[in-house]
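Trainee: When you get a sec, could you give me coordinates for this:
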Amino acid sequence: MVEIPDGYGPDDEIDHDAPEPVYLQLAAVLVARIKRGDYPPRRAVPGVDRLVQEFGIARGTARKTLVFLAEKGIVQTVVGKGSFVIESSQESGDASE
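Mentor: Residues are numbered from 1 along each chain as shown. Okay, the predicted model is just below:
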């Protein structure tokens, strides 16, 4: 099972030369932002276009990150609306399960 790497903070940048895949680095940054309260429960996280612009990554990588977070139960994607923080993800405190 793939886990979100530790050690990434909410204000970190993506390191394309790091051993962790870019989508996992971005997932870790987004989870840190959720825990910090930047994206409260039931509110949207940045969409693909915003992630591409902010982090300088490919659209496919941004999409893969959001799909990964949805599979982990951290966000829920609503077609045509975006991806939203699931209520229990911030309360659990452990996004790597």
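Trainee: helix, strand or coil for the residue nearest to residue 7 when sequence neighbours are not counted?
Mentor: Among residues not flanking residue 7 along the chain, residue 28 sits closest, at 7.6 Å (CB to CB, 6 or more residues apart in numbering). Where you see a C-beta, it was placed from the backbone N, CA and C, and this is true even at glycine. For residue 28, the assignment made with DSSP: H, G, I helix; E, B strand; the rest coil gives helix.
Trainee: Same check on residue 84?
Mentor: strand.
Trainee: How much space separates it from residue 75?
Mentor: Distance of residue 84 to residue 75, computed by CB to CB, to the nearest Å: 6 Å.
Trainee: When these two are compared, which one has more neighbours?
Mentor: Between residue 84 and residue 75, counted using other CB atoms under 10 Å, residue 75 has the larger neighbour count: 26 against 17.
Trainee: Which residues does the more buried one form beta bridges with?
Mentor: Bridge pairing for residue 75 (DSSP bridges) gives the partners residue 85.
Trainee: Just confirm it contacts residue 87, I think it does.
Mentor: No: between residue 75 and residue 87 there is no contact under CB atoms under 8 Å: 11.1 Å.
Trainee: that older thread, what sits against the residue nearest to residue 7?
Mentor: Contact partners of residue 28, counting by CB atoms under 8 Å, 6 or more residues apart in numbering, are 4, 5, 6, 7, 8, 12, 20.
Trainee: And the closest residue to the second one other than its chain neighbours, which helix or strand is it part of?
Mentor: The spatial neighbour of residue 5 that comes closest, neighbours along the chain excluded (CB to CB, 6+ apart), is residue 20 at 4.8 Å. With secondary structure defined by DSSP states H and E, residue 20 is part of neither a helix nor a strand.
Trainee: isn't residue 20 right next to residue 6, touching?
Mentor: No: using CB under 8 Å, residue 20 is not in contact with residue 6; the gap is 10.1 Å.
Trainee: Who has more neighbours out of the two?
Mentor: residue 20 (16 against 7).
Trainee: can you give me the helices in the chain?
Mentor: Assigned by DSSP state H, the helices in the chain fall at 22-36, 48-55, 59-71, 87-92.
Trainee: Helix or strand with the lowest mean pLDDT in this protein?
Mentor: helix 87-92 (a mean of 56; mean pLDDT, DSSP states H and E).
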